[in-house]
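In: Got a sequence here, can you build the structure:
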Amino acid sequence: MVERFERSWQLNAVLSAASRPLRLWFRPRVFGLEQVPTDQPVVYVAKHPRTFLYLETVLLGLVTFWEGKHRPFRTMEKRNTSIHSTPGLAWFRRHAQSIEATEEAALATLALGESVLVFPGGSRDLYGPADAVDWHGRRQFARFAARARVPVVPLAMAGADGQHPWRLPLGRTRSLWLPLLPLPVSIDFWFGAPIAPPAGSDGPGIARLAATAEAEVRALLVRAAGKRRALLGDGAERVRDP
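Out: The predicted structure follows:
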């Protein structure tokens, strides 16, 4: 059972205290958020960063709904991974109000009027090259978006792969990302135009939606990388939304 996102005083206290340090550390910039509807939930799809996957999603929540006007989102994740037994990170994971990575949990969340955040590439993107996506065959997000009749919003979190650039394998299923404290890289959130779900949940329509979303995320990552290179070349420290 999925319960509605709770703005508890504990969570509010944590986010209020963390907001300024996170912004100073990662200097987030936002592009295209005005395209995302505020009157209905959406399915955000993004590349899984090569990292522990916590701070950038907290920042995303801050800029979209905690300090903005968009619907709250719930991050979909696998349960009982090595992260869940890591001191500190395990506590954060339990209190981040994520949901299990199942279609049933996603549909229940969307039915409550809340959005979901999906990383279709999973471990392929986590352990793959930086700023590259590989979602071939991963269509679950397109199926539940079609069943819930909600749009899919492509999302690129440019710079997130630079937080922990080195990985130390610890056996078959565990890894240690280094450095333990994320590097102070700037993180840019790029939102693509919403993609309408197909009229039905037929196979071809689902396949087209999944392929289109993957291509859009890839294009956003390329566009974001070009903008970041231009900034470095110009020696600029700040950027305005184009």
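
In: List the buried residues for the longest strand along the chain?
Out: In the chain, with assignment by DSSP state E, the single longest strand is strand 152-158. Using 16 or more other C-beta atoms under 10 Å as the test for burial, strand 152-158 gives 152-158. All C-beta spots, glycine's among them, are computed from the backbone N, C-alpha and C.

In: Downstream of the lowest-mean-pLDDT helix or strand in the chain, the next helix or strand is which one?
Out: Lowest by mean pLDDT, DSSP states H and E among the helices and strands of the chain is helix 89-94, with a mean of 59. With elements assigned by DSSP states H and E, the helix or strand that comes after helix 89-94 is strand 99-100.

In: re earlier: can you lay out the buried residues of strand 152-158 as JSON lines showing distance to Ala207 and pLDDT?
Out: Shown next, in JSON lines, are the buried residues of strand 152-158 (distance: C-beta to C-beta, whole Å; pLDDT from 0 to 100):
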{"residue": "Val152", "distance to Ala207": "13", "pLDDT": "98"}
{"residue": "Val153", "distance to Ala207": "19", "pLDDT": "98"}
{"residue": "Pro154", "distance to Ala207": "16", "pLDDT": "98"}
{"residue": "Leu155", "distance to Ala207": "21", "pLDDT": "98"}
{"residue": "Ala156", "distance to Ala207": "22", "pLDDT": "97"}
{"residue": "Met157", "distance to Ala207": "25", "pLDDT": "95"}
{"residue": "Ala158", "distance to Ala207": "27", "pLDDT": "94"}
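
In: Closest one of those to Leu170?
Out: Met157 (25.1 Å; C-beta to C-beta).

In: looking at it, that closest one is touching Tyr44, isn't it?
Out: No: counting by C-beta atoms under 8 Å, Met157 stays clear of Tyr44, with 10.2 Å between them.

In: where do the helices sit along this protein?
Out: Secondary structure of the chain (DSSP state H): helices at 9-26, 55-61, 89-94, 103-111, 123-127, 140-148, 203-234.

In: Can you add distance to Thr75 and mean neighbour count and give those back as CSV?
Out: Below are these laid out as CSV (distance: least, C-beta to C-beta, whole Å; neighbours: other C-beta atoms under 10 Å):
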stretch, distance to Thr75, mean neighbour count
helix 9-26, 14, 13
helix 55-61, 6, 21
helix 89-94, 10, 14
helix 103-111, 10, 18
helix 123-127, 14, 17
helix 140-148, 13, 23
helix 203-234, 16, 16
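
In: closest to Lys78 out of those helices?
Out: Shortest distance between Lys78 and the helices of the chain, using C-beta to C-beta, is found for helix 123-127: 9.3 Å.
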